[in-house]
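> what follows is a predicted protein model with its sequence.
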Amino acid sequence: SQTIHQWPATLVQPVGSPLSLECTVEGTSNPNLYWYRQAAGRGLQLLFYSVGIGQISSEVPQNLSASRPQDRQFILSSKKLLLSDSGFYLCAWTKESTDTQYFGPGTRLTVL
Amino acid sequence: DQQVKQNSPSLSVQEGRISILNCDYTNSMFDYFLWYKKYPAEGPTFLISISSIKDKNEDGRFTVFLNKSAKHLSLHIVPSQPGDSAVYFCAASERYGTASKLTFGTGTRLQVTL
């Protein structure tokens, strides 16, 4: 069966510091991978998605970037965090050409 | 511009009764619709989905109805159980090549009371 992991689970970072969140998927190959953010009291906003190694599509211009160095690894990064980057970050995967996305446990990021 | 709307932020239902959660969308390009259940500090869990070529899909206690002409879908839970208490998100999918992009509503908090 397939599983999706995210780490860290929680993170508290000062404004201006760098960020690296990691997501890995097990039990499948060539998944589509997605990063979402849920701000307090809001729905989920799609940030980036990837259909293959090195292929990144950005949905919202912002202070963040994403990379996919391996087939089942998706990384969300920032060079300098802003207060507005605080939120709950979720990684999701789908099989190629399917619609149902399966989510990881999430990372709670607090920028102080 | 919210393309997927859940106009009821909260809903309280008695155990054993039916819970009906509603969702409206505006984009005619959406061709697949999903419902997710979410607990605080956890990732959403997939519940049930429906293709735009269908008007009903049932899975146990959960049934999703789609009215394409009205651009409206609903999730029925019957009978409701205390463990169903959570935030429910509807999502609409649009295909971009081999990827599907989901647009989520803002969620409805369901509380099932004893």
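That came through, no problem.

> what strand or helix carries the residue nearest the centre of chain A?
Nearest to the geometric centre of chain A sits A:Trp35, at 3.3 Å (CA atoms, centre = their mean). Using DSSP states H and E, A:Trp35 sits in strand A:32-38.

> tell me what the very next helix or strand once past that strand is packed against?
Sequence-wise, the next helix or strand downstream of strand A:32-38 (DSSP H and E) is strand A:44-52. In this structure, strand A:44-52 makes packing contacts with strand A:32-38, strand A:55-58, strand A:65-70, strand A:73-78, strand B:99-104, judged by 3 or more CB pairs under 8 Å, 6 or more residues apart in numbering or on different chains; DSSP states H and E. For glycine as for every other residue, the C-beta is placed from the backbone atoms N, C-alpha and C.

> wait, B:Asp84 touches B:His76, no?
No: B:Asp84 lies out of contact with B:His76 (CB atoms under 8 Å); the separation is 11.6 Å.

> so what sits against both of these two?
Common neighbours of B:Asp84 and B:His76, using CB atoms under 8 Å, 6 or more residues apart in numbering or on different chains, are B:Ser19.

> report the beta-bridge partners for B:Ile48.
Beta-bridge pairing for B:Ile48 (DSSP bridges): B:Trp35.

> these two touch, right, A:Cys23 and A:Ile75?
Yes: the criterion here is CB under 8 Å, and A:Cys23 meets it with A:Ile75 at 7.3 Å.

> of the two, give the one with the bigger neighbour count.
A:Cys23 (25 against 20; other CB atoms under 10 Å in any protein chain shown).

> so the more buried one belongs to a strand, correct?
Yes: looking at A:Cys23 with DSSP: H, G, I helix; E, B strand; the rest coil, it is inside a strand.

> who's the closest residue to it other than its chain neighbours bridged to?
Closest residue to A:Cys23 apart from its sequence neighbours, by CB to CB, 6 or more residues apart in numbering or on different chains: A:Cys91 at 3.4 Å. Assessed by DSSP bridges, A:Cys91 has beta-bridge partners A:Trp35.
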